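Chemist: Quick check, what structure comes out for this input:
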Amino acid sequence: MKKELEHSFVQQLEKNQNIVHKICRLYTHDKESHNDLFQEITIQLWRAYPKFRGDSKFSTWMYRVALNTAITLYRKSERRIQTQDYENISFKIQVEEYDDTTDQQLELMYAALKELNDIDKALVFLYLEDKSYKEISQTLGISEINARVKMNRAKEKLRRILNP
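Modeler: You can find the predicted model right below:
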């Protein structure tokens, strides 16, 4: 039973790991912090996986756990993320190297996103991932109307940042 659980988790994580990479990129400033946050999110996902009931898609649940982990660690550590050693965990995940070479527009967008507060960052991230307002509201634990209002405000903030 435990091996089946591990196998299922590893398959789902490998299939959806780009979600975690994107969140890491949004909340970190260098490759080392990115890798540390990736490991911490993976640990938190593994710990929470037995409680995943399948009420939502795995990716939606993964967004929620990953964003909550990133936001919590970001706030706790004053932008310096502490990680745990996970050498004792019996599974190994094949991590694809994350290619962080991007064009100037993407760099400007990430810089602008980093100026937003934590919730607005998460909201815009999910919006850019083509999530519906219903999925966004479920992931962030807010009403659909509140998600729409906050998104309009976040868009306006980004416009002001990108076009001063």
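Chemist: mind listing what K150 touches?
Modeler: K150 is in contact with 119-120, 123, 142, counting by CB atoms under 8 Å, 6 or more residues apart in numbering. For glycine as for every other residue, the C-beta is placed from the backbone atoms N, C-alpha and C.
Chemist: now I71
Modeler: 27, 118-119, 122.
Chemist: Among those residues, give me the pair with the biggest separation.
Modeler: Using CB to CB, those span at most 12.5 Å, a distance reached by Y27 and I119.
Chemist: So for these two, which sits in the more crowded spot?
Modeler: Per other CB atoms under 10 Å, whichever of Y27 and I119 has more neighbours is Y27, with 26 against 14.
Chemist: Going by secondary structure, the closest residue to N35 other than its chain neighbours is in what exactly?
Modeler: Of all residues not flanking N35 in the chain, C24 sits nearest, at 7.9 Å (CB to CB, 6 or more residues apart in numbering). Assigned by DSSP states H and E, C24 belongs to helix 2-27.
Chemist: Kindly report the domain assignment for the protein.
Modeler: Domain assignment for the chain by automatic domain parsing gives 1-101, 102-164.
Chemist: Thanks again, I'm all set now.
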